[in-house]
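[1] Take a look and give me a structure for this.
(one chain, ligands or ions: 1)
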Amino acid sequence: MRISVIGCGYLGAVHAASMASLGHDVVGIDVDAEKIEALAAGRPPFYEPDLPELLAGGLASGRLRFSTDIADAAGSLVHFVAVGTPQLRTGGGADLTYVDAAFASLMPHVASGELVVGKSTVPVGTAARLAKLVEPTGAMLAWNPEFLREGYAVKDTVTPDRLVYGIADGQTASVDLLNEVYATAVSAGTPVVVTDYATAELVKVAANAFLATKISFINAMAEIAEVTGADVTQLADAIGYDVRIGRKFLNAGVGFGGGCLPKDIRAFTARAEELGRGESVAFLKEVDAINLRRRQRAVNMVVEELGGSVFRKKVAVLGLAFKPDSDDVRDSPALDVAVQLHGLGAHVVATDPEAIPNSRRLHPQLSFGTLDEALDGADAVVLLTEWKQYRALNPSSVASKVAHPILVDGRNALDADTWRAAGWTYRGLGRP
Ligand code: UDX
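    A predicted model of the protein is given here:
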């Protein structure tokens, strides 16, 4: 099937390459010439496992190409819109500038019988509004939210947990086309939920709100654990055995960040308030507040361990990405903690396997280095992104490099007993 993908960021680039890998003929389009040039040369503009191979395969097969010209979308049977919906600078709501611009520029190239598919995360009600723009072309509009996790983006796109198709009343032809796009997943038995537009839009924000709430719930328990001497990781294990609760997304630490969870809960709150139902999701403000408090707690723990001040102390920051297997530092708790420590006068040397270039662009005032450069003579070590190479560190060999064996584990990713046995002062969030 001929497919166009408008917007080649984290979502669109992966979607375009994945669709080509499934045998479709795909053109990825973006207004950012630099990004398109990189993708066309087989270089992903961000770190994502499996994407380089997929891009290379797609480009070599001739089934995947990239363009800055929206006119190249013409002739595709299905057009995916996968542009970003960042947080507005002026508040918590979603900025729909890119979505509106994508639809406006795409419409002249869309023909009757074709399908336009929104993948961007949008405030409920957006699809119904955009459908009015699509209608005059004779094409159809569907909303098909994406649930991909960075680091697993290719896997989540090619073999999703579920597919959600939000369609206009009675427009079953959209379902047939989407089933053809996702034929591989559908024939493998992937559940397909066909809904109206509003439900499809809400499914996405509800899923992210639930995940954010789950993380903040366990982080709230960490706060209580800290004043009672309890251990939040054991608590998570114990409640997680209840299958109704489950252990996933119950890791307490410096909390959630990234390009989705933080902005999506804020946009959801803003939209609910517009709809006169602010009270229904008022708890999401608390979820956000708990999350941000944990970053502060990690900073305070370092200050405490260094005797009340970090001024002129060398702090090794391990991890900058918002989570492992990503170079994304959007709203990253790790980068935020590093910046706060720097602001308190610490000599922060931060390291990360992938996220240093993005971090440096945002915060050139920080010092960045290799793991050894960060550890060398450090007064304290703070683990903030649980990359597997940090989880595998040997406490004795790390101890031989630092000035003082003080460790704050912001992700509760290390074994406290092993580190303590090697002479470390080990502090975890929500642990005795
Ligand atoms: C998320 C959703 O999972 C995905 O379905 C949606 O499409 C986009 O948003 P992503 O942003 O890639 O995906 O990251 P995710 O794996 O969900 O992690 C989000 C944040 O929560 C990270 O900062 C992570 O470190 C943190 N987290 C996750 C915790 O603090 N504790 C946990 O137990 C799990």
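
[2] so who does the residue of the stretch 301-432 of the chain found nearest the ligand touch?
    Distances between the stretch 301-432 of the chain and the ligand by CB to the nearest ligand atom are smallest at residue 323, namely 3.8 Å. Just so you know, the C-beta spots here come from the backbone N, C-alpha and C atoms, and that holds for glycine as well. Neighbouring residues of residue 323 by CB atoms under 8 Å, 6 or more residues apart in numbering: 150-151, 257-258, 385-386.

[3] and those residues near the ligand, which?
    Checking the contacts of residue 323 against the ligand by CB under 6 Å from any ligand atom, the ones in range are 150, 257-258.

[4] Can I have the buried ones of those residues as a ChimeraX selection?
    The buried residues among those can be selected in ChimeraX (16 or more other CB atoms under 10 Å) with this line:
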select :150,257,258
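
[5] Quick one, which of the ones next to the ligand among the contacts of residue 323 has the minimum pLDDT?
    pLDDT across these is at its lowest for residue 150, which sits at 94.

[6] Might one say that that residue is in contact with residue 258?
    Yes: in this structure, residue 150 is within contact of residue 258 by CB atoms under 8 Å, at 6.8 Å.

[7] Need the overlap of contacts for those two.
    With CB under 8 Å, 6+ apart, residue 150 and residue 258 have common neighbours 323, 326, 328.

[8] Get me the contact residues on the stretch 251-400 of the chain for the ligand.
    By CB under 6 Å from any ligand atom, the part of the stretch 251-400 of the chain that sits against the ligand consists of 251, 253, 255-258, 260-261, 322-323.

[9] One more: the stretch 51-200 of the chain?
    Within the stretch 51-200 of the chain, the residues that sit near the ligand (CB under 6 Å from any ligand atom) are 146-150.

[10] Which one (most neighbours) among those residues?
    residue 150 (25 neighbours; other CB atoms under 10 Å).

[11] how about that one, phi and psi?
    Torsion angles at residue 150 (phi, psi; degrees, to the nearest 10) stand at phi -60, psi 150.

[12] residues touching the residue lying closest to it once chain neighbours are set aside, list them.
    Leaving aside its sequence neighbours, residue 150 sits nearest to residue 326 (CB to CB, 6 or more residues apart in numbering; 4.5 Å). Going by CB under 8 Å, 6+ apart, residue 326 touches 47-48, 150-151, 258, 354-355.

[13] State the distance from residue 326 to residue 47.
    Noted for residue 326: a distance of 6 Å to residue 47, by CB to CB, to the nearest Å.

[14] so which strand or helix has residue 131?
    Using DSSP states H and E, the element containing residue 131 is helix 126-134.

[15] what's that helix packed up against?
    For helix 126-134, the helices and strands in contact under the criterion 3 or more CB pairs under 8 Å, 6 or more residues apart in numbering; DSSP states H and E are helix 97-106, strand 115-118, strand 140-143, helix 197-228.

[16] List the contacts of it.
    Against helix 126-134 from outside (CB under 8 Å, 6+ apart): 96, 99, 103-104, 107, 110, 116, 118, 140-141, 143, 166, 168, 197-198, 200-201.

[17] same question, stretch 175-187
    Contacts for stretch 175-187 (CB under 8 Å, 6+ apart): 1, 3, 19, 22, 24, 77-78, 115, 117, 142, 144, 158-160, 163, 165, 167, 190, 192, 194.

[18] Please produce a ChimeraX select command covering the buried subset of those residues.
    Only the buried entries of these go into this ChimeraX selection, using 16+ other CB under 10 Å:
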select :3,19,22,24,77,78,115,117,142,144,158,160,163,165,167,192,194
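
[19] Just to be careful, could you list which of the contacts of stretch 175-187 are in helices?
    Per DSSP state H, helices hold the following members of the contacts of stretch 175-187: 19, 158.

[20] where do the strands sit along the stretch 251-400 of the chain?
    Along the stretch 251-400 of the chain, the segments classed as strands by DSSP state E, counting those that start in this stretch run 314-318, 347-351, 367-368, 380-383.

[21] Give me the distance from the shortest one to the chain's centre.
    Right, the one you point to is strand 367-368. With CA atoms, centre = their mean, to the nearest Å as the basis, strand 367-368 stands 24 Å off its chain's centre.

[22] Please apply the same query to the first one.
    With CA atoms, centre = their mean as the basis, the distance from the averaged C-alpha position of strand 314-318 to the chain average is 24 Å.

[23] Can you mark which positions in that strand are buried?
    Applying 16+ other CB under 10 Å to strand 314-318 flags 314-318 as buried.

[24] which of those lies closest to residue 225?
    residue 318 (23.1 Å; CB to CB).

[25] give me every residue that touches the closest one.
    Residues in contact with residue 318 (CB under 8 Å, 6+ apart) are 351-352, 371, 374, 381-385, 387, 390.
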